[in-house]
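In: just coords:
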């Protein structure tokens, strides 16, 4: 493949990775420590990622256990979880915080499946926009006589191949996450 395609392929890869990261934060009734990735705790006046102030583990399929390195952080961590959009109620015994995941209702699963599909569509739009940007750049180079007609056709074809590859990866991710959500 032509090295002129590299920046566009990198952008497509980033779009795909962003989608996968977003999917990691969607909870599927099973405990997934990644849903805590975006939570920050006030640690001596500095917003600090939860992973940097506590051990996080999954002792049971539907429970996350958070063990702060300092007992004084228990209340701060609880507050951060309650103010987040996770919709979970933390419980603690003074040392350890537990998050119990309720079973998802059928209705909630269908809502999440729709949301997953929508995020997937948005990622595909981003990929197609990158393809358009690439093709526009190559057409400009053609107008400026920097690339020949044949080179332009080849670059456009290769751009389409890369686009198809990432659209397929996104479809796979959407399908996988939807199956995970709908499996009771």
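Out: Okay, I see it. Everything quoted here is computed from the prediction, not taken from an experiment.

In: quick one, helices of the chain?
Out: Listed in chain order, the helices of the chain (DSSP state H) span 6-24, 74-83, 106-143, 149-182.

In: Those: which one's closest to residue 63?
Out: Closest to residue 63 of the helices of the chain is helix 74-83 (Cβ to Cβ; 13.6 Å). Where you see a C-beta, it was placed from the backbone N, CA and C, and this is true even at glycine.

In: Now that closest one: buried residues?
Out: Neighbour counts using 16 or more other Cβ atoms under 10 Å place 74, 76, 77, 78, 80, 81 of helix 74-83 among the buried residues.

In: My read is that the first one contacts residue 98, right?
Out: Right, the one you point to is residue 74. No: with contact defined as Cβ atoms under 8 Å, residue 74 does not count as touching residue 98 (11.3 Å).

In: rank the helices of the chain by pLDDT, which is bottom?
Out: Ranked by mean pLDDT, those end with helix 74-83 at the bottom, a mean of 87.

In: I'd like to know which elements it is packed against.
Out: Contacts defined by 3 or more Cβ pairs under 8 Å, 6 or more residues apart in numbering; DSSP states H and E place helix 74-83 against strand 40-43, strand 63-68, strand 90-92, strand 97-100.

In: Can you add distance to residue 135, mean neighbour count and mean pLDDT and give these back as TSV?
Out: Putting these into TSV (distance: least, Cβ to Cβ, whole Å; neighbours: other Cβ atoms under 10 Å; pLDDT from 0 to 100) gives the following:
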stretch	distance to residue 135	mean neighbour count	mean pLDDT
strand 40-43	40	17	88
strand 63-68	45	19	91
strand 90-92	50	14	89
strand 97-100	47	18	89
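
In: Let's have these in TSV, adding distance to residue 158.
Out: Shown next, in TSV, are these (distance: least, Cβ to Cβ, whole Å):
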stretch	distance to residue 158
strand 40-43	42
strand 63-68	44
strand 90-92	50
strand 97-100	47
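
In: Which one of those lies nearest to residue 33?
Out: Of all the helices and strands packed on helix 74-83, strand 63-68 sits nearest to residue 33, with 5.9 Å by Cβ to Cβ.

In: tell me the angle that closest one makes with helix 74-83.
Out: Counting by axes from the mean of the first three to the mean of the last three Cα atoms, to 10 degrees, strand 63-68 points 140 degrees away from the direction of helix 74-83.

In: so what does strand 63-68 touch, helix or strand wise?
Out: Where contact means 3+ Cβ pairs under 8 Å, 6+ apart, strand 63-68 is packed against strand 54-60, helix 74-83, strand 97-100.

In: Identify all contacting residues around the second one.
Out: Contacting residues not belonging to helix 74-83 are listed as 36, 39-43, 50, 53-54, 66, 68, 88-90, 92, 94-95, 97, 99 [Cβ atoms under 8 Å, 6 or more residues apart in numbering].

In: repeat for the last one
Out: By Cβ under 8 Å, 6+ apart, the residues outside strand 97-100 that reach it are 31, 62-68, 74, 77-78, 81, 86, 88-92.
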